[in-house]
Structure formats: structure tokens, C-alpha cells
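> What follows is a predicted protein model with its sequence.
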Amino acid sequence: MGLSVTAMLDMLDDDQKSFAQALLRQAPAPPYSQYGVEGMRSLFDTVTAAAPMRPVHDVEERTVDSPAGPLRVRCYRPSAALDLPVVLYMHGGGFVVGTLNGVDDLCRSLCVEAECVVISVEYRRAPEHAFPAAADDCLWIYEWVQREAVSLGVDPSRIALAGDSAGGNLALSICTALAEADRPMPRSLVLAYPSTSNAHAGPSWDAFEHAPVLCKADALWFWSNYTANNGADRDPRAVPILSNTLHALPPTFLVAAEVDILRSDYEEFAAVVLRAGAEIEVRQYDGVLHGFFTEVATIEKARRAATDAAQHLRTHFGH
């Protein structure tokens, strides 16, 4: 039997606990998936960005033509310097919710602290666009960054991938596609509590079945919307732990949350990656929930994790 919501709240740091209590007070009763796609988006999509927490040299939005239509990206620059390293960032949200605005503060933090350009991707979302739409979009933007490196003022030989939750899954999908095509890997990966498995079982699934922010019912609902019974459950671009190219992954920094239904999944994934011979560091942040990493404006552990992630990026960019 899983922990009660009260027991899980008591595990949290004060700032994360306040965040979770505010959600439980202000939102309708969970599971939130019972309110459907539009209900979920009304709860979790950040429609307009708040006053930026952290200034950067420049922020520019671009529209990228793709085979599926125009895709929007937001580019953050730490300075006017050219040939900067670059991070491609994929936001989370279960492939169904999430916006560029929701990761604005985090992208600014990574931009400044890692001294790199950050390009945040607005990919197509499920259920209107099920797998492989989001994975295809992110791979297309990765290739666009390489083609447009001069106009973007970035060094295409120093590109890293980052993402939280579903975004971490999408970052791994890019690596799988590159490895299967025998193409070079990015310099490094930053994955925050990524979706890595379709087993939907394990100690964390039992303990945190009713967790605030992401409970079991909502996690299963997100996955069903993304995969839509189209073979994704057998495709390593959707299920990273199924990949036979994990040995090729670049150095990876994995941000783990203590109170997270997905924790068993990505801990197992990290163990498989290590056995395959690739380099991965799992750093767990206690007292926080799934979803904490992007909340750098309000949660101290998020700021710490962002600083740690930026140090990983700086190391592998060769600063």
C-alpha cells in the first residue's frame, strides 16, 4: 500500500511542501487526468511568462520550418560572443502539457551558469500528435541547430541535450536516432527524472501512487495519450531502456527527485546504462517531488540542481 498524501508532504522541504499544498488547495481534486486534455492544460500550462527571474543578454524566438509544419523555438544567449556551446532543451509535461514559458526561468539559469546558448523547443503534443511526432520534431530541431550554427552563433561541435520528465525521454530519443544512424553523439546529457520505461511498476510506483503533481493514474494517462497503441511500446525512441545503443550515450547527469513515482524506472535505466559501459551520474535531491527541477524561482533544491547541471555542462563543453 502506498504512502498517504500527508506522509509524502511530511517528507518534503518547506518550500516544496508549500508548493505542493498550494497546488492541492487551488486545483480540483486529483487525479487531474479525469478533467481531460483541456482541463490538464488549463491547470499546468504556463500561458504567459512571469517577470523573468534572471536577466540574460538576449532572448529571441524563431520559427523553424519542418516537414510537419512550423515549429517554435526560444533562444537564450548569455553574451554577444560567437561560437558558444549550445544546449537543446525539451520541456516536460507528459507529452501532453507544458510550454516554453514553463521552463523559461530554468533555461535562463542554465544559459547564465553554463555560459551557453539554450534553445528551448516547442514540439507537437499528444494526443493531437502521438508518437513519434514529438521525437521527430526534437530530432529535426537538433539537425536545424547544426545546419544553422553560424546564424545562431553557436559551435555545432559543442552541443548538449537536456530535458525534464517527458523532455528527458525526448532527449534520449534523439540519441537513439543518432546512434542507430551511426552519427556522432552530443557532448553530454542532462536528464531530470526522465521517462525511461513502459513497465509502470516498481517500488516507487507502489510508494508514491498518490503523489502530488504526478500520481500513478496521471502517469498512465499521459503515456496512453503519447503512445496511442501505435507500436511505441516496442520502440526504443519511446522507451529508452529498450535501446541496444545505450553504450553510445554521452556523459549524462541525471537529476532524481526523492518523492517521484518514476524514480524506480530511471534508477534501473541508469544501472543498465552503466552496465552498457556509458558514463552516467545519478544525483538524488531529497525532500522534493517530480517536477521540481523547473521551479528555480521558488524551490531551493531546484536552484541547486540547476547549478549542478550547469557545472556538468561546463565540464563537458570544455570550459
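Yes, it's here.
> For this protein, which segments are assigned as strands?
Taking DSSP state E as the criterion, the chain carries its strands at 58-66, 69-77, 84-90, 117-122, 154-164, 189-192, 252-259, 280-289.
> where's the closest residue to residue 228 other than its chain neighbours relative to residue 235, distance?
By the measure of Cβ to Cβ, 6 or more residues apart in numbering, the closest residue to residue 228 outside its immediate chain neighbours is residue 130, 3.7 Å from it. Every residue, glycine included, has its C-beta placed from N, CA and C. Remark: distance between residue 130 and residue 235 (Cβ to Cβ, to the nearest Å) = 12 Å.
> and the residue nearest in space to the middle of the chain, what is it in contact with?
In the chain, the residue lying closest to the centroid (Cα atoms, centre = their mean) is residue 164, at 1.7 Å. Residues counted as contacts of residue 164 (Cβ atoms under 8 Å, 6 or more residues apart in numbering) are 91-92, 103, 106, 191-194, 255, 291, 293-294.
> next one: residue 117
Applying Cβ under 8 Å, 6+ apart, we find residue 117 in contact with 75-78, 84-87, 111, 152-154.
> mind putting these in JSON lines, distance to residue 184, neighbour count and pLDDT included?
Putting these into JSON lines (distance: Cβ to Cβ, whole Å; neighbours: other Cβ atoms under 10 Å; pLDDT from 0 to 100) gives the following:
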{"residue": "75", "distance to residue 184": "22", "neighbour count": "20", "pLDDT": "98"}
{"residue": "76", "distance to residue 184": "24", "neighbour count": "25", "pLDDT": "98"}
{"residue": "77", "distance to residue 184": "24", "neighbour count": "20", "pLDDT": "98"}
{"residue": "78", "distance to residue 184": "25", "neighbour count": "19", "pLDDT": "98"}
{"residue": "84", "distance to residue 184": "19", "neighbour count": "20", "pLDDT": "98"}
{"residue": "85", "distance to residue 184": "15", "neighbour count": "24", "pLDDT": "98"}
{"residue": "86", "distance to residue 184": "15", "neighbour count": "29", "pLDDT": "98"}
{"residue": "87", "distance to residue 184": "17", "neighbour count": "30", "pLDDT": "98"}
{"residue": "111", "distance to residue 184": "24", "neighbour count": "29", "pLDDT": "98"}
{"residue": "152", "distance to residue 184": "18", "neighbour count": "22", "pLDDT": "97"}
{"residue": "153", "distance to residue 184": "21", "neighbour count": "18", "pLDDT": "96"}
{"residue": "154", "distance to residue 184": "16", "neighbour count": "24", "pLDDT": "98"}
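> I'd like to know how far residue 32 sits from residue 206.
From residue 32 to residue 206 the distance is 21 Å (Cβ to Cβ).
> So these two - more neighbours on which side?
Neighbour comparison, residue 32 and residue 206: the larger count goes to residue 32, with 22 against 14 (by other Cβ atoms under 10 Å).
> In terms of pLDDT, where does that one sit?
Model confidence at residue 32, expressed as pLDDT, equals 97.
> Next: residue 225.
In this model, residue 225 is scored at 97, pLDDT.
> how many neighbours does it have?
The number of residues packed around residue 225, counting by other Cβ under 10 Å, is 20.
> coming back round to it: quickly compare the strands of the chain and say which is most buried.
For the strands of the chain, the largest average neighbour count (mean count of other Cβ atoms under 10 Å) is found in strand 189-192, namely a mean of 30.
> so can I have a markdown table of the contacts of residue 164 showing distance to residue 40 and pLDDT?
Compiled in a markdown table, the contacts of residue 164 are given as follows (distance: Cβ to Cβ, whole Å; pLDDT from 0 to 100):
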| residue | distance to residue 40 | pLDDT |
| --- | --- | --- |
| 91 | 15 | 98 |
| 92 | 13 | 98 |
| 103 | 17 | 97 |
| 106 | 21 | 97 |
| 191 | 23 | 99 |
| 192 | 20 | 98 |
| 193 | 18 | 98 |
| 194 | 20 | 98 |
| 255 | 23 | 98 |
| 291 | 14 | 98 |
| 293 | 20 | 98 |
| 294 | 17 | 97 |
